[in-house]
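Novice: Structural data only, the sequence is not supplied:
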């Protein structure tokens, strides 16, 4: 079974280690994790500025199979793993804090949070189909008890994000210590980046986030025309940007938070079709379609395990969530004090290209062709793209 699983390489081969290399190069002295073997801090310190461009959803498999990305491929230096689960909520928080999910405690899109006794979509900080018990802007200090990466660096920091999320409570909290800029388009993002490098009087670390490839891959699939066109436009703009910043004494690092697979409708396990299983759950599924956290009362656990193994064994790996924490899937110890409560009693890790989903009364149904969050190589491996200007 383990031969088909790609786990994070927190020992020196993951996005977590990349952030450690960047942090050390930018003056942070409290190293918690190993640096990235392929790009140590000493190398990054050779340039005046560091730019980290996170292209949401650009897995290594996507980059490798699309010829529409010659500029990105030309500067590819290898691959890294994401974190577990390989999804935006967990991985972007790692990029913006320098912490593994074991320490920052964000475990997927939907999380049950004891602090507010609600299940929230963690990035917009909104509850699933029930009245909010707290406004999104009130939640960050209650839920996110850590410093941002930018508060710990000895250089000027900037964060670039799309207009749609730049001022959100989540993004604003995780950008503390940096100056923030919002952009409306891909050309504007690269124009702002170029301006920041050309105007820099002191060393700068600039983090930029681009979401459109992820959006189109979810909706249309990884091999869709829309995803191809988005990657081609990004690649062309990336090449123009490199030419524009020649002489700026910068490292430009591009990577992703996770990769993707496609999961057709016939590979969805809907809990509507498994009422016996749904009845054993103490609350709705949390986490991701590819890695779902299940809360099960103690007296129901034998029945739950039997049902999953006998009925869903062809498409599900069944794990005790405590075993995944102990095995280091979320990162090395010590764990966030609420990590166990945020991962439930069991984790359903989906095999092959299967997903699992429940729908609450009043919740709008929607399809998602491209998915991530599981432990296949296509979901876990992301490119390391490095250019020196």
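Specialist: Noted; the coordinates are in hand. This one's a predicted model, so the numbers in the text were calculated from it and none came from an experiment. Numbering: from 1, shown residues only.
Novice: can you pull out the helices in the stretch 51-200 of the chain?
Specialist: 60-65, 70-74, 88-97, 101-104, 140-143, 163-166, 169-174, 186-198 (DSSP state H, counting those that start in this stretch).
Novice: so how far is the first one from its chain's centroid?
Specialist: Right, the one you point to is helix 60-65. Remark: helix 60-65 is offset 17 Å from the chain centroid, using Cα atoms, centre = their mean, to the nearest Å.
Novice: mind listing what's buried in that helix?
Specialist: By 16 or more other Cβ atoms under 10 Å, the buried positions in helix 60-65 come out as 60, 61, 62, 63. For every residue, glycine as well, the C-beta is placed using N, CA and C.
Novice: out of those residues, who's nearest residue 273?
Specialist: residue 61 (30.2 Å; Cβ to Cβ).
Novice: Low-confidence ranges, the stretch 1-150 of the chain, go.
Specialist: Across the stretch 1-150 of the chain, the ranges flagged by pLDDT under 70 are 1-3.
Novice: That one: strands as residue ranges?
Specialist: Along the stretch 1-150 of the chain, counting by DSSP state E, counting those that start in this stretch, strands occupy 49-55, 76-81, 110-113, 118-121, 126-127.
Novice: I'd like those strands laid out as CSV, including distance to residue 303 and mean neighbour count.
Specialist: Shown next, in CSV, are these (distance: least, Cβ to Cβ, whole Å; neighbours: other Cβ atoms under 10 Å):
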stretch, distance to residue 303, mean neighbour count
strand 49-55, 42, 23
strand 76-81, 35, 19
strand 110-113, 21, 21
strand 118-121, 23, 19
strand 126-127, 29, 16
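Novice: So which of the ones you listed is nearest residue 200?
Specialist: Proximity to residue 200 (Cβ to Cβ) singles out strand 49-55 among the strands of the stretch 1-150 of the chain, at 6.0 Å.
Novice: Touching that closest one from outside, list them.
Specialist: 22, 25-26, 44, 92, 95, 193, 197, 200, 203-210, 213, 234, 238, 248-257 (Cβ atoms under 8 Å, 6 or more residues apart in numbering).
Novice: the domain parsing of this structure - what is it?
Specialist: Split into domains by automatic domain parsing, the chain comes to 2-262+375-388, 265-369.
Novice: related to what we said a few turns ago, to residue 181, which of the strands of the stretch 1-150 of the chain lies closest?
Specialist: Here strand 49-55 is closest among these (Cβ to Cβ), at 13.1 Å.
Novice: and the closest one, how far from the chain's centre?
Specialist: Relative to the centre of its chain, strand 49-55 is centred 15 Å away, using Cα atoms, centre = their mean.
Novice: Sheet-wise, list the partners of that strand with their directions.
Specialist: The pairing partners recorded for strand 49-55 under DSSP bridges are strand 204-210 (parallel), strand 250-255 (parallel).
Novice: So what touches the last one?
Specialist: In this case it means strand 250-255. Contacts of strand 250-255 (Cβ under 8 Å, 6+ apart): 15, 18, 22, 39, 44, 47-55, 58, 72, 75, 80, 197, 238, 241-242, 245, 382-389.
Novice: same check, this time on the longest one
Specialist: For strand 204-210, the external contacting residues (Cβ under 8 Å, 6+ apart) are 22, 26, 48-56, 92, 95-96, 150, 153, 155-162, 178, 186, 189, 193, 196-197, 234.
Novice: The residue nearest to residue 184 when sequence neighbours are not counted: what's it in contact with?
Specialist: Closest residue in space to residue 184, ignoring its immediate chain neighbours: residue 163 at 5.2 Å, by Cβ to Cβ, 6 or more residues apart in numbering. Residue 163 is in contact with 182, 183, 184, counting by Cβ under 8 Å, 6+ apart.
Novice: Mark which of those are buried, thanks.
Specialist: Applying a neighbour-count criterion of 16+ other Cβ under 10 Å, the buried members of the contacts of residue 163 are 182, 183.
Novice: can you list the contacts of residue 163 in a markdown table and add pLDDT?
Specialist: Below are the contacts of residue 163 laid out as a markdown table (pLDDT from 0 to 100):
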| residue | pLDDT |
| --- | --- |
| 182 | 98 |
| 183 | 98 |
| 184 | 98 |
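Novice: circling back to that earlier point, now, of the domains of the chain, which is deepest in the fold?
Specialist: Most buried of the domains of the chain, by mean neighbour count (mean count of other Cβ atoms under 10 Å): domain 2-262+375-388, with a mean of 20.
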